[in-house]
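Undergrad: sequence and predicted structure are below.
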Amino acid sequence: MSVVFAAVEPHPALAFAIGKKFGTAVERNRARRRLRSAFHDVAKARVLPPGAYQISCSRAVLTSDYTMLATSLDRCLDRLSVRGT
């Protein structure tokens with residue numbers, strides 16, 4: 001999973017990079033729903049700077065448990081804050 005940040009939005013905005021090679025539309029939508037939910041749960045626990053966040057992922061998002069997904073997303077956001085972007 002990776003998260004890219006761009007400081008152009010007045011509040012945290014979320015976008016997904018999930019192409020057709022990922023799977024069917026049902027699988028892509030399920031991945032988006034899971035990632036969106038995990039992002040909102042992680043965002044509640046931290047102060048996110050305003051901007052646009054783009055998330056890309058592998059098919060593991062569909063099968064991993066929710067706690068692991070949220071932890072992975074939290075680590076990605078930590079790496080962003082360390083890089084200073």
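TA: Yes, it's here.
Undergrad: mean confidence score for stretch 54-66?
TA: Averaging pLDDT along stretch 54-66 yields 91.
Undergrad: for it, buried residues please.
TA: 55, 57, 61, 64 (16 or more other CB atoms under 10 Å). For glycine as for every other residue, the C-beta is placed from the backbone atoms N, C-alpha and C.
Undergrad: same question, stretch 18-33
TA: Buried residues in stretch 18-33, defined by neighbour count with 16+ other CB under 10 Å: 18, 22, 28, 31-32.
Undergrad: so what touches it?
TA: 16, 56-57, 59, 61-62 (CB atoms under 8 Å, 6 or more residues apart in numbering).
Undergrad: how about the residue of the chain positioned farthest from its centre, phi and psi?
TA: Residue farthest from the centre of the chain, counting by CA atoms, centre = their mean, is Thr24 at 19.4 Å. When read as degrees, to the nearest 10, the backbone of Thr24 gives phi -70, psi 170.
Undergrad: next one: Ala13
TA: Per degrees, to the nearest 10, the backbone of Ala13 is at phi -120, psi 150.
Undergrad: just to check, it is in contact with Pro49?
TA: No. With contact defined as CB atoms under 8 Å, Ala13 does not count as touching Pro49 (11.6 Å).
Undergrad: run through this protein and note the low-pLDDT ranges.
TA: Applying pLDDT under 70 to the chain picks out residues 1-10, 81-85.
Undergrad: now with 50, please.
TA: Low-confidence segments of the chain (pLDDT under 50): 85.
Undergrad: for Ala17, what are its contacts?
TA: 54-56.
Undergrad: just say helix, strand or coil for Ser58.
TA: For Ser58, the assignment made with DSSP: H, G, I helix; E, B strand; the rest coil gives coil.
Undergrad: ok, it to Ala17 distance?
TA: 12 Å (CB to CB, to the nearest Å).
Undergrad: same question for Ser37.
TA: In terms of CB to CB, Ser37 sits 18 Å off from Ala17.
Undergrad: next one: phi and psi at Phe39?
TA: Torsion angles, degrees, to the nearest 10, at Phe39: phi -60, psi -50.
Undergrad: please disregard the earlier target; I meant Gly51.
TA: phi 150, psi -180.
Undergrad: pretty sure it is touching Leu14, no?
TA: No. Between Gly51 and Leu14 there is no contact under CB under 8 Å: 10.4 Å.
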